Every structure is written in structure tokens, then in C-alpha cells.
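>>> pasted the sequence and its predicted model underneath.
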Amino acid sequence: MNQSLELDHLKFQLREATELLGSLGLYQGSKWCAEALNGIISNDLSKNLSSDKKSDSDETLSIYDLEDNEYDNNETTPVNDPLYNVIFKFPKVQSKINDKYQFAKSLFDCKEFDRCSQTLNGLKSSKCIFLRLYSKFLSHEKKKEEETEGVLGQNDNYNSTNPSIPLILKELDQLFDENNNHKFENYSENPFLLYLKGILLLRQKFNSLAQQTLIKSLKIYPFNWSCWVELISSLNNLDQSLQILKDFESFFEIKFLNKSNFNNNQIHPIQIIVKIVKIVINQEFFQQSMELYDDLNYLLQIFPNFSYLKTQKALISYHSMDYQEAEDLFDDILTNDPLRLDDMDIYSNILYVMEKKSKLSYLAQFASSIDRFRSETCCIVANYYSLKFEHEKAIMYYRRALTLNRNCLSAWTLMGHEFVELKNSHAAIESYRRAVDTNIKDFKAWYGLGQAYEVLDMHLYSLYYYQRACTLKPLDKRIWQALGNCYEKLNKFKDSIKSYKKVLNLNEVENFDNSSIFFKLALLYEKLLNSDKVYEFMKLCYNEEINLNVKNDETAKARLWLSKFEIKNKNFELAYNYASDFNHGTSQEIEEARSIAREARNRINSKLPNL
């Protein structure tokens, strides 16, 4: 590692973020920060990574100490170092209000959201306002879930809006108005109120405005992982995502790095967070690059026990179809953190593709013994039944997963696959639509929609969805092959040829059987009346049989076509060679080849001089 890192600074930030996010009820963000904190390299091993200087107050300072400190304290503590100004501090409140907040927070923890919100009515502290409005939002979300009658059921009103959202947004806008600012606080600069506004705007489908709000929140407090997750989920293309990251890096450099004592050979904790976000974004957009792997390996040296980062590495291998590498990484994660169910549904997908039934069976039993009411567990069990071709049972478990978590990303897509297996195209289409509504970057859902509409012979729809899938994974040869087939059905033969040639370009680096693609191209050129190209690709298809010892329907048809072509052009010896060795195909094709071979042999014999 050629750059040093102040690990104490990073630990301090993650420790504070864990406590702060937990105190606001943002438990997923708090859990992520705590997992990252515990995944950092131990002090005994970090001497080569961090400086010899260590903050004496690192182990004892807490967020509550920060609230109790006087803001004009000039003592040399981490808080007075410009580096530590990243920490967001809620203004100090009266002990009576704090007691009420603690009571409301206990109600929130018990999921008594309405009572929590009512308890905090009238309190002007930004912390109290956040928890009150957040509780109100969660209360209506909970009621909406309770009113929904089953997944894909008759009264499955998943598209219904949360009636509290417009009211909460209106109140937030009033708070952000400069004329209504509390005399002790500037609400418009509170990162958590901005975060709340951002997620509400996302629910209202105002993506652009939501992104701006979430970005503003992160610029004030970049250690709110819950906010990063919402921002990443709203991003629709890679270029936009990378530009946002670039803007973040420039902003943080101006705001923090230039004001701190860090030199060019040291890494700021914010830069670490941005690197992690960059890896997640590249993973979600199916990117592969040496820079990505370098960043990931660098971070894994800092966080050798951080399961989240190991999972990202496994997902990158999974997306690149390196299933063995992905399986090994998940095995390592399970060995070091055996009770962690996060992302284990992806592990089950890998075992499904590799057809490791016994291992998948063990994983399903193991996950059920930990928590059978986790959506990940239900997906694992569903995959097991799918591998056994028990598609109805698989669908039942996918429904159960979605009942537990409507935002379970993989369950909608996988349930769509099961409906395709049962020839229920309409239910499959609805499942895939829900999948892309949940995650617009779900390549498999877009691809599944294309397949479902292709089964229904609705090729224009199919083409659109294949194109959407192709924008997400432009180097996936399956998509280009599907596009080629779709263009052919729409009589767009030139576009079909371009698509199939793209498949050949993607197969150049592999010892791959291209006979079916060559045969397809030959037939397309035949429709365009280009006989030279037809001969060229029929010959290439035949060469696959010779060079790779491949024998299939395409090579058999190519051999038969070439024998007909040569006998027509009076190349009887070539025609005989093609037809005489014909031993793969239908009985009619074999009989036709024998007939051509006899005719070619008779013509050759007729040209021989009489002895």
C-alpha cells in the first residue's frame, strides 16, 4: 500500500456515525457503519498504514460528550481539528426535552410510530422534528402494507401512495423557509431533515429533485450510509453516477482536505467512503476494470474483516459470470460471519446456476435455522425448489419473501422466471415490471420482459426491453443474440446481422462454438440475396465441426447446403466429400445427403477414362 491512512480518524468517524444514526432510528445505516468499524484492520497490524500519532481521546469521546461540550472550547481535541468538523452536532437541548425524546425513541424502537410522533408534537429541536416526521412516514407505510392483500393478488395496491408524504413535505418546506427558521437552528442545513425530504421525493417519483436534496444532505454529513443507499438507488446511468462522485470528491477536497493537516500521502476518511460508494456503483452497473479491482483490494487491506466489501467483490465476480470465484468468496464470508444472511440470496443464485443441489439444500436449511422470516431465507428456499423443478412451491416462497419485504430486489425477477417456466407469460410480465419498478438497474428483469413478450410474439415490445437490458450490460452476448433474433422477426435483417456479428466479436477471446451464429448469419444473407456471404458463413459453420469437433443441427445443415452448392457448381469431388460424411441430422436430411453423394460419385466416375 503506497498511501498512509489515519485509521484513528476513520474509526472515530465511523464510531460517531454508528451512535448518531442509531439515535435517529436509521438502523441499517448504523449497522453498516458498525460493521465497517469492526472490519477495520487491527491496531497491531496497522502500524504500516497509519501514523505513529494516536488521539488520546479516541476511545472515550462519544456523541453525547460532543453535545455537552461548549462550542467555544479551545482545547486540543479531535473536535477542534479541521478534519473532525465532518461530525454533525445537534444543538444542545434542555434535559426535559431530551427526556421526552428518549421516551419517543423507545416507542419508535417498539414500532409504536403513531404514539412516537404524537409524543414529539410541538417540540422544535431538529432531532425531535426528524423523528416525529420519520415516524409519521413509517406509520403510514406500515398501514399501507397491512391493507395490501397478498402479492400479485386482486387487491395488491402496491402503487398506492402514502397519504402522509405530501403533508410531511409541506411541513419540511415550511421549516426550510428562511423566515420560519428556529432562532437556534437552521433547519435547511440539517442533513437528516434533508435526507428525509429526499426519500419522500423519491417515493413521489421526483427523482431529479430527490437526488439534489440527498446530495446536499451528504455534503453536510457524508457518513450517513442510509442516504448513500437511497441516492445510489435513484441513479439510472453510469455516466451520471460517476459525475456525481467526481463532484463529491471536488467538494470534499475544497471543504475538508484543504483545511486539515492532511498531506498528499494521506487518505481522508471521506475519501474512503467515496471509494466504497464508487465500487458499489460500478458493481450495480456491471462494470469491470483494473482500477475497480485495485480500489477494492486497497479497501480490503484497510477493512480485511468487512463482509460488505467482500460481498461487493463476490457480486462483481457473479456479474462477470465467474461463478467459481464468487462461490469461493461467499464461502469465505460464511466462514468468518456464519450468521450473516445479508446477500445470501445471491449466493443461492450462484449455487443454482452451478447446479449444486446438495450445497443449496444445506444453505436453505442453515438459513431457515437462523431466521426463517427473512426475505433472503425465503429466496434461498425458493431457489432450492426451483432447482428441483417444483415451480409452484418456488413461487410460494418468493411471494412469502415479498410479503416480508416488498423491496426484495431479486424475488420479483426470480418469481418472473418461475412464471415463464409455467408458461404464464402475463404473470411473468407483471413480476418483471415490479422488479424494474423496485430497481431500474435490474438487467435480468429487463431481459425477462423481452423474453416474455417474445413468447407472446409481440416483437416490438420485446425489442424495446432487450435494448434497455443492453444499455445495462452491453458486453453480454446473450442480449445481442436476443436482439439479433428480434430484429430478424421484424424483418430488419441488416440490424440482425449487426447484432449477430457483435456476438462474434464478444466471443473472439473465448474458445467458443459459434456454429449457430454463423448459420444464422448465412440464412440472413440468403434473405438479402447475397450468395457470396451465404457461402462464406456456411463454410465457417462447417469449419466449426472440423476444428472444434462440434456436431449439431446447424453444422449438419451447413454441410448439406455446401454439398448442394458444390454439385450445382459442378464441383463434384467437394460435393461428395461434404455429403458422404453426413451422419448427423434428420432421416430426411441423411437420405438427401446420400442421394447427393451417389450423384456426385456417378459424375466423378463418368469422367474417369475407361481402362
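In hand now; what should we look at?

>>> wait, is Trp228 part of a strand?
No - counting by DSSP: H, G, I helix; E, B strand; the rest coil, Trp228 falls outside a strand, being helix.

>>> leaving aside the residues next to it on the chain, what's closest to it?
Val277 (5.6 Å; CB to CB, 6 or more residues apart in numbering). Quick note: C-beta positions are derived from backbone N, CA and C, even for glycine.

>>> run the chain-centre distance for the host helix or strand of the one you found.
Per DSSP states H and E, Val277 falls inside helix 269-284. Taking CA atoms, centre = their mean, to the nearest Å, one finds helix 269-284 lying 14 Å from the centre of the chain it belongs to.

>>> and it, what's its mean pLDDT?
The average pLDDT within helix 269-284 is 93.

>>> and that helix, what does it pack against?
Counting by 3 or more CB pairs under 8 Å, 6 or more residues apart in numbering; DSSP states H and E, the packing neighbours recorded for helix 269-284 are helix 7-23, helix 225-234, helix 238-255, helix 290-302, helix 307-319.

>>> got the CA positions of that helix in PDB?
Listed in PDB are the C-alpha atoms of helix 269-284, where the atom choice follows Å, rounded to 0.1, in the frame of the first residue of the first chain:
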ATOM      1  CA  PRO A 269     -12.000   9.200   5.900                       C
ATOM      2  CA  ILE A 270     -14.400  10.800   3.400                       C
ATOM      3  CA  GLN A 271     -12.200   9.600   0.500                       C
ATOM      4  CA  ILE A 272     -12.600   6.100   1.900                       C
ATOM      5  CA  ILE A 273     -16.400   6.400   1.900                       C
ATOM      6  CA  VAL A 274     -16.400   7.800  -1.600                       C
ATOM      7  CA  LYS A 275     -14.200   4.900  -2.800                       C
ATOM      8  CA  ILE A 276     -16.700   2.400  -1.300                       C
ATOM      9  CA  VAL A 277     -19.600   4.200  -3.000                       C
ATOM     10  CA  LYS A 278     -17.700   4.100  -6.300                       C
ATOM     11  CA  ILE A 279     -17.200   0.400  -6.000                       C
ATOM     12  CA  VAL A 280     -20.900  -0.200  -5.200                       C
ATOM     13  CA  ILE A 281     -22.000   2.000  -8.200                       C
ATOM     14  CA  ASN A 282     -19.600   0.200 -10.600                       C
ATOM     15  CA  GLN A 283     -20.900  -3.200  -9.300                       C
ATOM     16  CA  GLU A 284     -24.500  -2.200  -9.800                       C
END
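
>>> show me the contact partners of that helix.
Here helix 269-284 makes contact (CB atoms under 8 Å, 6 or more residues apart in numbering) with 5-6, 9-10, 13-14, 83, 86, 222-223, 228, 232, 235, 238, 241-242, 245, 248-249, 252, 256, 289, 292, 295-296, 298-299, 302, 309, 312, 315-316, 319, 441.

>>> ok, stretch 499-506 next?
Here stretch 499-506 has contacts from Leu475, Lys477, Trp480, Gln481, Leu483, Gly484, Tyr487, Asn514, Ile517, Lys520, Leu521, Leu524, using CB under 8 Å, 6+ apart.

>>> lowest-confidence helix or strand of the chain?
helix 63-68 (a mean of 36; mean pLDDT, DSSP states H and E).

>>> what's the first helix or strand after that helix?
In N-to-C order, the element after helix 63-68 by DSSP H and E is helix 95-109.

>>> helices and strands around the helix or strand just after that next one, which ones?
Remark: after helix 95-109, the chain's next helix or strand is helix 113-119, criterion DSSP H and E. With contacts taken as 3+ CB pairs under 8 Å, 6+ apart, helix 113-119 sits against helix 95-109, helix 126-147.

>>> quick one: buried residues of helix 113-119?
Phe113, Cys116, Ser117, Thr119 (16 or more other CB atoms under 10 Å).

>>> does Phe137 touch Ile165 like I think?
Yes - look at Phe137 against Ile165 with CB atoms under 8 Å: they come within range, at 7.0 Å.

>>> compare these two (neighbour count), which wins?
The residue with more neighbours, out of Phe137 and Ile165, is Phe137; 21 against 18, by other CB atoms under 10 Å.

>>> ok so, going back, now the helices and strands packed on helix 269-284 in CSV, with distance to Leu422?
As requested, those are exported to CSV (distance: least, CB to CB, whole Å):
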stretch, distance to Leu422
helix 7-23, 43
helix 225-234, 30
helix 238-255, 35
helix 290-302, 39
helix 307-319, 26
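
>>> format the ones you listed as TSV; extra columns: distance to Val381, mean neighbour count and mean pLDDT.
Formatted as TSV, the helices and strands packed on helix 269-284 follow (distance: least, CB to CB, whole Å; neighbours: other CB atoms under 10 Å; pLDDT from 0 to 100):
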stretch	distance to Val381	mean neighbour count	mean pLDDT
helix 7-23	31	22	91
helix 225-234	26	21	95
helix 238-255	34	15	88
helix 290-302	31	15	92
helix 307-319	20	21	95
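
>>> can you tell me the helix or strand for Leu414?
With DSSP H and E as the test, Leu414 turns up in helix 409-421.

>>> neighbouring contacts of that helix?
With CB under 8 Å, 6+ apart as the test, helix 409-421 has contacts from 345-346, 349, 375, 378-379, 382-383, 386, 391, 394-395, 398-399, 401-402, 405, 425, 427-429, 431-432, 434-435, 438-439, 442, 444-445, 448, 451-452, 455.

>>> among those, name the buried ones.
Applying 16+ other CB under 10 Å to the contacts of helix 409-421 flags 345-346, 349, 375, 378-379, 382-383, 386, 391, 394-395, 398-399, 401-402, 425, 427-429, 431-432, 434-435, 438-439, 442, 444-445, 448, 451-452 as buried.

>>> so of the residues you listed, which ones are in helices?
Of the positions in those, 345-346, 349, 375, 378-379, 382-383, 386, 391, 394-395, 398-399, 401-402, 425, 427-429, 431-432, 434-435, 438, 444-445, 448, 451-452 sit in helices, assigned by DSSP state H.
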